[in-house]
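Chemist: model the structure of this input:
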Amino acid sequence: MNKDILICGVGGQGTVLASRIIAAAAMAEGSTVHSAETIGMAQRGGPVTSHVRIGDEAYSPLIPNKKADLIIGFEPSEVVRNINYLSRDGIAVVNTSPVKPVTESLLKSGYDGTEMVSYLKENVNCIFVDGNTECEKLGSVKFLNILLLGVAAGSGKLGIKKETILEEIKKRVKEKFVDANTKAFLTGYEIGDAKEKR
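Modeler: The predicted structure follows:
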């Protein structure tokens, strides 16, 4: 399998953990993997972008422009900011719930993510997920990364078996949170599977 996956969000959303689970799961299935993160002021809600390149056709860890098969976006404006990476036939899994930047409290720009989502609807093949609503059902917004990972897997666009990812979640999440993260992944998987069958 050859696949280029870009995960983007802001600091604290768990983009790096999601990318490491994807990379480890792909390696467990016998694929060659290159990965890298670009992090800007992540601890203060700055942008975080992870590149995961699976297969023998990748010779560097960074995805070239217009080559990503899949973007998993934890924040709508970050998906727009990184959309130049998506290939013509690519797809984005997008959380429609925005994370307001610190500057919003000072500038009062009114950012609520709707303009970004509208732009994506008009220009990109997307699977949209209301992350806040789904995470409320799960009990915490901290499960967003695993939820969206589940959506990507359930849609068939990730190309990695459900069971392999669940094994990596068990290995990489603290034991007391394994059950909750497993539930988040399976919830996302059902969402992705349902959207793919439409």
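
Chemist: when you work out contacts or count neighbours from here on, use the C-alpha atoms and nothing else.
Modeler: Fine.

Chemist: and the nearest residue to residue 33 once chain neighbours are set aside, how many neighbours?
Modeler: Residue nearest to residue 33 in three dimensions, not counting chain neighbours: residue 54, with 4.6 Å by C-alpha to C-alpha, 6 or more residues apart in numbering. When neighbours are counted by other C-alpha atoms under 10 Å, residue 54 registers 22.

Chemist: how would you label the residue most central in space within the chain: helix, strand or coil?
Modeler: Averaging the C-alpha coordinates of the chain gives a centre point, and the residue nearest to it by C-alpha atoms, centre = their mean is residue 72 (2.9 Å). Here residue 72 is strand, with the state taken from DSSP: H, G, I helix; E, B strand; the rest coil.

Chemist: that one reaches residue 6, doesn't it?
Modeler: Yes: between residue 72 and residue 6 there is a contact at 6.3 Å, judged by C-alpha atoms under 8 Å.

Chemist: which stretches of this protein form helices?
Modeler: Remark: helices assigned in the chain by DSSP state H are 15-28, 76-81, 104-107, 114-123, 131-138, 144-154, 162-172, 178-197.

Chemist: to residue 50, which of those lies closest?
Modeler: Comparing these by their distance to residue 50 (C-alpha to C-alpha), the top pick is helix 15-28, with 6.3 Å.

Chemist: what comes into contact with that closest one?
Modeler: Outside helix 15-28, the residues that touch it by C-alpha atoms under 8 Å, 6 or more residues apart in numbering are 7-9, 32-35, 37, 48-52, 54, 74, 145-146, 149, 160, 164-165, 168-169, 172.

Chemist: can you flag the buried ones in those?
Modeler: Neighbour counting over the contacts of helix 15-28 (16 or more other C-alpha atoms under 10 Å) leaves 7-9, 32-35, 37, 48-52, 54, 74, 145-146, 149, 160, 164-165, 168-169 as the buried ones.

Chemist: give me every residue that touches residue 159.
Modeler: The contact partners of residue 159, taken as C-alpha under 8 Å, 6+ apart, are 1, 153.

Chemist: what pLDDT does it get?
Modeler: Residue 159 carries a pLDDT value of 95.

Chemist: same question for residue 80.
Modeler: Note for residue 80: predicted pLDDT of 97.

Chemist: excluding its backbone neighbours, what's nearest it?
Modeler: In space, not counting the residues next to it along the chain, residue 80 is nearest to residue 116; the distance is 6.7 Å by C-alpha to C-alpha, 6+ apart.

Chemist: shouldn't that neighbour be in contact with residue 77?
Modeler: Yes: assessed by C-alpha under 8 Å, residue 116 is found in contact with residue 77 at 5.7 Å.
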